[in-house]
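S.K.: here's my sequence, what's the structure:
(one chain, ligands or ions: 2)
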Amino acid sequence: MDFYLQYKEQLDMLLKDEDNVNFFCELAHKSFRQDTEFYRYILESTLSFTKLNNLHKATAWLNNYYCWYYFDMSKYKEAIEVALDAYNVLEKYGNKNGMARLCNSLMSCYSQIGQIELSNEWGIKGVEMAEEIHDDELLLVLILNIGIGYIQLENFKKAKEIFNYIKAMDYKLVGERKITFSQCIAEIEINIGDVNKAIKEIQKVYELFRNINYEFFISETKKLEAMAYCKLYDYEKADMLFKESYDFAVKFNQNFELCHTLVKWSDMYIKTSQVEKGIEKLEEFIPIAKEYDFYQLLRFSYYKLYNIYKKREDLGKALFYLEEYTSVDEKIYNFQSSQWMAKFDASHSEREANLYKILYDKTELLSSIGKEIISTLDENNILKVISKEIHKLMKTDMFSIAVYNEETNEITYKYIDDYGNINLKGPVKLDEGNYLTGYCIEHKEDILIQNFNNEFKKYVKIDSIDEYSDQNIDFSSLMYTPMIVRGKIIGIMTVQAKDENVYTQNDMSTLKVLSNYVSIALDNAISYKKMESIAIYDNLTGLLSRREILKIGNAAFKHFNSYKEKLTIAMIDIDKFKDVNDTYGHVIGDRVLREIAESITKNVRKADFAGRYGGDEFLLVFPNTKIDRAKTIAERVRKLVYGKKHLVDKNKKINVSISIGLYELEDGVDDLMSGIKRADIALYGAKNKSRNCVVIYNEM
Ligand code: GH3
Ligand code: MG
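M.R.: Ligands and ions are numbered 1, 2, ... in the order given. Coordinates of the predicted model:
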């Protein structure tokens with residue numbers, strides 16, 4: 001049938017039911033990157049038809065393809081705009097299939113302009129959806145693109161895990177994807193592996209070019225080849241290849257490739273001490289990158305220039321590039337805190353753990369253990385949860401977590417013994433015989449051993465097992481995996497069994513998922529502890545924390561002791577505060593507590609200090625103040641607190657009073673604590689008297 005007749009017929013069908021969009025999608029799919037003009041033409045004419053006829057769903061589907069047209073034109077903002085629009089429309093219709101595809105498009109766009117985090121978020125979201133609708137092909141594309149994102153972030157280890165997964169799953173890769181896959185493997189090998197393997201992969205790519213329009217891929221392939229030859233120190237050949245890559249990028253209008261090539265080319269010059277030439281390439285790259293918002297590349301490059309000029313002590317230029325660097329950094333950050341980021345409600349780490357779950361294992365059990373682990377803020381509890389659960393997942397005669405202290409280069413092993421008690425071993429220096437742990441930490445790599453006696457030499461440079469001081473000699477099968485948070489290694493996890501050949505690659509993957517959860521949880525626990533201990537202000541009232549007011553009190557006590565400066569302290573407790581809670585609830589109670597704290601701080605002098613000592617108790621420190629003066633202030637505070645009305649119900653306001661005990665420090669008092677005790681005694685005096693009053697210790 002004549003093409004245009006067929007096309008018209010299909011438009012009519014679309015008008016009847018806008019789900020009849022397949023014909024157009026297939027047309028686009030076939031011509032994509034093979035016949036760009038036709039691709040654009042088909043999409044634009046069909047889109048003007050669907051828009052005119054208010055076919056929103058069909059428009060959204062086609063916009064997903066149109067987004068890729070913008071993408072190839074380096075118009076990423078436009079690409080993102082149509083994709084987001086389309087996503088919103090399909091979300092309304094609950095069309096998971098289309099949404100998952102748009103996740104993929106958005107992931108690629110954001111990655112291109114350097115919004116890798118955002119890109120990653122979309123990718124992982126897409127992965128979840130593709131899983132849900134059992135679309136393995138789309139799942140593969142998404143995972144492939146997530147891998148590319150990690151390469152762009154120069155996180156080659158993670159990228160490698162992902163590509164290993166793709167290999168292991170034995171997915172059928174065809175056409176362009178085969179090319180992309182080989183290019184990625186090559187880039188990973190160049191950076192963290194074997195250059196010769198990389199060159200072999202690149203050869204594969206050239207062979208694939210025979211059956212495909214290679215315009216889109218040639219510049220990148222040449223660039224990768226150049227990078228490989230840099231690794232082999234053949235800079236002449238590399239220079240030539242960079243030039244070819246550059247020319248192809250110009251010829252085919254590929255701005256991203258052009259920029260990327262210039263950056264890598266300049267890297268080579270800088271490395272070979274031809275710094276001027278390196279700067280020249282970067283200067284050519286910057287305006288193009290700025291025009292197309294290649295933030296990530298810009299950020300890396302500004303930082304490089306900053307360092308070059310700093311080294312040369314050209315501080316003016318160094319500062320200029322540092323400022324450029326920070327401004328790009330901020331832009332990236334602002335993007336990340338944009339409304340789209342906010343749409344992803346769970347935290348990034350949690351989603352990342354989720355990706356691992358999908359990559360390595362699909363059981364719900366893991367995810368529920370993960371949730372339990374992540375919600376724990378106590379290190380020992382984390383260990384308990386995981387030790388209990390791991391037996392359900394694999395054979396375990398010994399399980400241990402070792403926490404690594406980078407500063408002291410020490411590790412502390414923690415494990416649960418047969419009686420359910422937590423045992424510690426260490427801290428021990430990493431280099432004192434803890435070879436496998438050391439290897440795992442140093443290389444940030446997993447270890448899977450089926451037979452300890454035969455295999456330990458792969459990881460350990462010792463001749464005899466007698467030199468081995470780790471506890472694992474009783475065990476034949478061992479697995480180790482590092483725990484990494486934000487690129488930093490915080491420890492390892494190990495599972496061991498007495499028999500040989502116990503663990504498979506699959507068990508290793510499971511352990512990795514768990515280690516991911518534990519890493520997040522431990523990181524949370526550690527930051528929580530830190531936050532707790534460094535908190536200067538009390539969360540609820542905003543007054544100084546107990547720890548902080550005691551610190552200040554102790555300093556004032558030193559002045560009292562050494563320089564005979566006067567010092568008076570006050571203990572305050574809210575009267576019948578339990579009743580407020582019981583009558584109006586804790587939320588109102590909290591508010592009243594906050595308001596009382598506010599009245600207290602407002603009405604002491606600037607030089608005085610107020611802290612929350614306990615539940616409804618406050619400690620005031622009046623430095624350089626005699627009891628009479630302190631009494632006047634305390635009376636004022638008491639009156640003003642009692643005078644304030646607190647709204648506790650729709651129309652109900654109440655007054656709440658406080659009792660105050662005062663004590664002026666006297667010679668012979670050993671420390672601040674003894675002073676506080678006396679102020680407390682005075683406070684109880686006030687409670688016994690009538691409440692809502694001030695009592696002085698020495699007048700009791
Ligand atoms: P008294 O006059 O003898 O001090 O009576 P009281 O009811 O205030 O008794 P006490 O000081 O022993 O009890 C303090 C009460 O303060 C207990 C608890 O209900 C409440 N409380 C402590 N901390 C908080 C808090 O952070 N928020 C709220 N809403 N209530 C708290
Ligand atoms: Mg009280």
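
S.K.: poorly predicted segments of the stretch 1-150 of the chain, please.
M.R.: Counting by pLDDT under 70, the stretch 1-150 of the chain contains low-confidence residues at 1, 117.

S.K.: now the helices for it?
M.R.: Counting by DSSP state H, counting those that start in this stretch, residue ranges of the helices within the stretch 1-150 of the chain are 3-16, 22-31, 36-52, 56-72, 76-92, 96-112, 116-132, 136-152.

S.K.: chain center to the first one: distance?
M.R.: The chain centroid and the centroid of helix 3-16 are separated by 48 Å under Cα atoms, centre = their mean, to the nearest Å.

S.K.: could you give the angle of that helix to helix 36-52?
M.R.: 30 degrees (axes from the mean of the first three to the mean of the last three Cα atoms, to 10 degrees).

S.K.: again, but for the shortest one
M.R.: Direction vectors for helix 22-31 and helix 36-52, defined by the same axes, to 10 degrees, enclose an angle of 160 degrees.

S.K.: what residues of helix 22-31 count as buried?
M.R.: 23, 24, 25, 27, 28, 31 (16 or more other Cβ atoms under 10 Å). (Each C-beta comes from the backbone N, C-alpha and C, glycine too.)

S.K.: export those to TSV and tack on distance to ligand 2?
M.R.: Shown next, in TSV, are the buried residues of helix 22-31 (distance: Cβ to the ion, whole Å):
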residue	distance to ligand 2
23	76
24	73
25	70
27	77
28	72
31	78
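
S.K.: show me which residues of this protein are close to ligand 1?
M.R.: Residues of the chain lying near ligand 1 by Cβ under 6 Å from any ligand atom: 540, 573-579, 581, 586, 589-590, 593, 615-616, 687, 691.

S.K.: restricted to helices, list these.
M.R.: When DSSP state H is applied, the residues of the chain next to ligand 1 are split such that 577, 578, 579, 581, 586, 589, 590, 593, 687 fall in helices.

S.K.: OK, contacts around residue 594?
M.R.: Taking Cβ atoms under 8 Å, 6 or more residues apart in numbering as the definition of contact, the neighbours of residue 594 are 540, 541, 542.

S.K.: and it, how far from residue 548?
M.R.: Distance check for residue 594 against residue 548: by Cβ to Cβ, to the nearest Å, it reads 18 Å.

S.K.: which of the residues in stretch 543-550 are buried?
M.R.: Buried residues in stretch 543-550, defined by neighbour count with 16+ other Cβ under 10 Å: 543, 544, 545, 546, 548, 549, 550.

S.K.: re earlier: which of the contacts of residue 594 lies closest to ligand 1?
M.R.: Closest approach to ligand 1 among the contacts of residue 594 (Cβ to the nearest ligand atom): residue 540, at 5.6 Å.

S.K.: that closest one is in contact with residue 592, isn't it?
M.R.: No. In this structure residue 540 lies outside contact range of residue 592 using Cβ atoms under 8 Å: 11.1 Å.

S.K.: quick one: which of the two has more around it?
M.R.: Using other Cβ atoms under 10 Å as the criterion, residue 540 and residue 592 rank with residue 592 on top: 22 against 12.

S.K.: spatially nearest residue to that one, not counting backbone neighbours?
M.R.: Spatial nearest neighbour of residue 592, chain neighbours left out: residue 646 (4.8 Å); criterion: Cβ to Cβ, 6 or more residues apart in numbering.

S.K.: does the one you found sit in a helix or strand, and which one?
M.R.: In this structure, residue 646 is located in strand 645-647 according to DSSP states H and E.

S.K.: can you name the next helix or strand after that strand?
M.R.: Following strand 645-647 in sequence order, the next helix or strand is strand 653-655 (DSSP H and E).

S.K.: which strands or helices does the next helix-or-strand element following that following strand pack on?
M.R.: Tracing the chain C-terminally past strand 653-655 and defining elements by DSSP H and E, one meets strand 658-664 next. Counting contacts by 3 or more Cβ pairs under 8 Å, 6 or more residues apart in numbering; DSSP states H and E, strand 658-664 packs against strand 567-574, helix 627-643, helix 672-689, strand 694-696.

S.K.: compare those and give me the one nearest residue 458.
M.R.: Residue 458 sits nearest to helix 672-689 of all the helices and strands packed on strand 658-664, at 58.6 Å, using Cβ to Cβ.

S.K.: what angle do that closest one and strand 567-574 make?
M.R.: Using the same axes, to 10 degrees: helix 672-689 against strand 567-574 is 40 degrees.

S.K.: residues from this protein in reach of ligand 2?
M.R.: With Cβ under 5 Å from the ion as the criterion, the chain comes near ligand 2 at residues 573, 574, 577, 616.

S.K.: any chance of those residues in TSV, plus neighbour count and pLDDT?
M.R.: Listed next are those as TSV, based on neighbours: other Cβ atoms under 10 Å; pLDDT from 0 to 100:
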residue	neighbour count	pLDDT
573	21	97
574	22	98
577	19	96
616	22	95
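
S.K.: give me the mean pLDDT for stretch 317-331.
M.R.: Stretch 317-331 comes out with an average pLDDT of 79.

S.K.: with only the CA atoms kept, save it in PDB.
M.R.: The C-alpha atoms that make up stretch 317-331 are tabulated as PDB, following Å, rounded to 0.1, in the frame of the first residue of the first chain:
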ATOM      1  CA  LYS A 317      42.800  33.100  37.800                       C
ATOM      2  CA  ALA A 318      42.700  30.400  40.400                       C
ATOM      3  CA  LEU A 319      40.100  32.300  42.300                       C
ATOM      4  CA  PHE A 320      38.200  33.000  39.100                       C
ATOM      5  CA  TYR A 321      37.900  29.300  38.300                       C
ATOM      6  CA  LEU A 322      37.200  28.400  41.900                       C
ATOM      7  CA  GLU A 323      34.200  30.800  41.800                       C
ATOM      8  CA  GLU A 324      33.100  29.300  38.500                       C
ATOM      9  CA  TYR A 325      33.400  25.900  40.000                       C
ATOM     10  CA  THR A 326      31.300  26.800  43.100                       C
ATOM     11  CA  SER A 327      28.600  28.400  40.900                       C
ATOM     12  CA  VAL A 328      28.200  25.300  38.800                       C
ATOM     13  CA  ASP A 329      28.200  23.200  41.900                       C
ATOM     14  CA  GLU A 330      25.400  25.300  43.200                       C
ATOM     15  CA  LYS A 331      23.500  25.000  40.000                       C
END
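
S.K.: so where's the stretch 501-650 of the chain shaky on pLDDT?
M.R.: 524, 526-535.

S.K.: would you confirm that the residue nearest to residue 592 contacts residue 652?
M.R.: No. No contact is recorded between residue 646 and residue 652 when judged using Cβ under 8 Å, the distance being 9.4 Å.

S.K.: who's more crowded, the two?
M.R.: Using other Cβ under 10 Å, the more surrounded residue of residue 646 and residue 652 is residue 646, with 19 against 11.

S.K.: which of the buried residues of stretch 543-550 lies closest to residue 610?
M.R.: Using Cβ to Cβ, residue 543 is the member of the buried residues of stretch 543-550 that lies nearest residue 610, at 5.2 Å.

S.K.: name the nearest residue to the closest one, sequence neighbours excluded.
M.R.: Nearest non-adjacent residue to residue 543, counting by Cβ to Cβ, 6+ apart: residue 612, 4.7 Å away.

S.K.: burial measure for that neighbour, as a count.
M.R.: Around residue 612 there are 24 other residues, counting by other Cβ under 10 Å.

S.K.: identify the bridge partners of it.
M.R.: residue 618 (DSSP bridges).

S.K.: next up, the contacts around it.
M.R.: With contact set as Cβ under 8 Å, 6+ apart, residue 612 has these partners: 538, 540, 541, 543, 544, 545, 546, 549, 597, 618.
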